[in-house]
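J.: Give me a model of this one.
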Amino acid sequence: GDMELYGTFSHPEGRVNCVRFSPDGSAMASACDDKVIRIWSVKTMSITRHLVGHQGEVTAIDFSPDSSLLASCAWDRSVRLWDPNQCDEHGECESVASNRHPVGRLSTAISFSKHHENLLASSADNRIFLWEIALDRGVPVGGRGPLFYRLVHLRTLTGHSNLVSCLVFGRCERRRPATEGSEQ
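T.: So this is what the prediction gives:
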């Protein structure tokens, strides 16, 4: 059938490097050369949050499958986690986690795992980094207050001869292999 234009998002400044819609369809995020990530309301087509903290151009972003977190990577060699619901009254947000294991020359792509327990990021030096997303033990007693996370570096994958510009976790379930003579 015919497609109809829903609306136009007018970006305030700088080049947009990546755009992602949240899986729940309520928000859109844009990653920009001005080092800021903007969260937009799909309903009103207006900016609702500014995620500030990268020291270089933001190159890639990805929403967690439940839309609760956003991951980003940038030319400053950092990977950051954001909780857009933990912003101040002006819509300014700080990251809730950042990598302590710098990504290579610059970060080029990022992807959450299906249940957002892991994160992949790639760099311009042909490497892929795998992190576990762990809840930080610094959460206030009683569970009140903001949640913070840690990115625990698990592995660096090498072997690509060129830049890795796209990452996607597999969406299939892991199955145990059947062995000869088994009752499976």
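
J.: show me what contacts the residue nearest the centre of the chain?
T.: Central residue of the chain (CA atoms, centre = their mean): residue 71, 1.9 Å from the mean position. Contacts for residue 71 (CB atoms under 8 Å, 6 or more residues apart in numbering) come out as 61-62, 64, 79-82, 110-112, 119, 121. For every residue, glycine as well, the C-beta is placed using N, CA and C.

J.: just those now: which is nearest residue 22?
T.: residue 64 (8.9 Å; CB to CB).

J.: what about the strands in the protein?
T.: 16-21, 27-32, 36-41, 46-52, 58-63, 70-74, 79-82, 92-93, 97-98, 107-112, 118-123, 128-135, 149-157 (DSSP state E).

J.: and residue 5, how many neighbours?
T.: 5 (other CB atoms under 10 Å).

J.: From residue 114, how far off is it?
T.: For residue 5, the distance to residue 114 (CB to CB, to the nearest Å) stands at 32 Å.

J.: cool, and residue 168?
T.: 10 Å.

J.: repeat for residue 24
T.: Residue 24 is 15 Å from residue 114, by CB to CB.

J.: and what of residue 129?
T.: Distance from residue 129 to residue 114, by CB to CB: 18 Å.
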